[in-house]
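Trainee: mind looking at a prediction? Sequence and model below.
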Amino acid sequence: MNLLRLFIDICLLRGRAQDLPASTNLMLGSALASVVIDFFSLPDEARNPGHLLFVASQVALFGLAVWLLLKQRSFPERWTQTITALYAINAAFSLALMPFLPALAEMLKQGPEAAPGWPAYLALALTAWFLAVMARVLHEALEIGMLVSFLFSLAVIFAVRILGLVLMPLFGVQVGAA
């Protein structure tokens with residue numbers, strides 16, 4: 001089985017998380033890839049041990065949130081494959097967004113008068129695609145409708161981000177720095 005092909009198929013909405021092997025090593029590798037790519041997506045001045053721990057905590061909180069959803073639906077045994085797929089797609093989409101981050105950061109610096117250019121629209125499209133893939137993975141893992149899985153996807157992302165904002169000071173990270 002070609003794992004890379006399977007991850008690509010999941011990103012293209014053709015593959016399924018349940019086709020992945022239930023491997024702790026693969027899950028940890030996907031989590032590590034997600035942490036490393038998210039860390040290197042940060043500006044150079046923000047790459048320090050505190051930010052690394054913060055990024056790792058975000059990945060761990062994401063895993064916990066997915067486990068809680070699966071546990072609530074009585075499917076905790078699906079966690080390894082589900083979170084492996086979700087960590088891998090997070091890494092893939094974060095990697096795809098990396099080239100556009102400097103342009104997006106510059107746009108944010110310009111403030112409300114900035115006109116969004118094609119990098120902003122492409123980033124929005126990639127983010128929507130990520131949400132669609134995440135919703136599909138959760139749809140299959142939780143055995144719920146697509147609309148509900150999309151709403152769960154948004155809820156998980158917002159919950160992790162909000163918890164991250166609360167936890168930032170523990171890692172020495174300033175609110176505007178991550």
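Mentor: Now that the structure is in, tell me what you want to look at. Keep in mind that what you see is a predicted model, and the values were worked out from it rather than measured.

Trainee: mind giving me the packing neighbours of the helix or strand harbouring L26?
Mentor: In this structure, L26 is located in helix 24-40 according to DSSP states H and E. Helices and strands touching helix 24-40, by 3 or more C-beta pairs under 8 Å, 6 or more residues apart in numbering; DSSP states H and E, are helix 49-72, helix 79-97. Heads up, the C-betas are built off the backbone N, CA and C, glycines and all.

Trainee: residues in contact with whichever helix or strand A120 is part of: which ones?
Mentor: Mapping A120 onto the secondary structure by DSSP H and E places it in helix 118-142. Contacts of helix 118-142 from elsewhere in the structure, counted by C-beta atoms under 8 Å, 6 or more residues apart in numbering, are 10-11, 13, 16-18, 66, 69-70, 73, 75, 78, 81-82, 85-86, 89-90, 93, 96-97, 100, 103-104, 107, 144-146, 149-150, 152-154, 157.

Trainee: quick revisit: what's the most buried one of the helices and strands packed on helix 24-40?
Mentor: helix 79-97 (a mean of 22; mean count of other C-beta atoms under 10 Å).

Trainee: could you look up the next helix or strand downstream of it?
Mentor: Once the chain leaves helix 79-97, the following helix or strand, as judged by DSSP H and E, is helix 101-110.

Trainee: ok, now which ones touch S153?
Mentor: Shown here is S153, whose contacts under the criterion C-beta under 8 Å, 6+ apart are L131, M134, A135, L138.

Trainee: what residues of the helix or strand that contains it count as buried?
Mentor: Remark: S153 resides in helix 146-167, with elements defined by DSSP H and E. Within helix 146-167, the residues that qualify as buried by neighbour count (16 or more other C-beta atoms under 10 Å) are S149, F150, F152, S153, V156, I157, V160, L163, G164.
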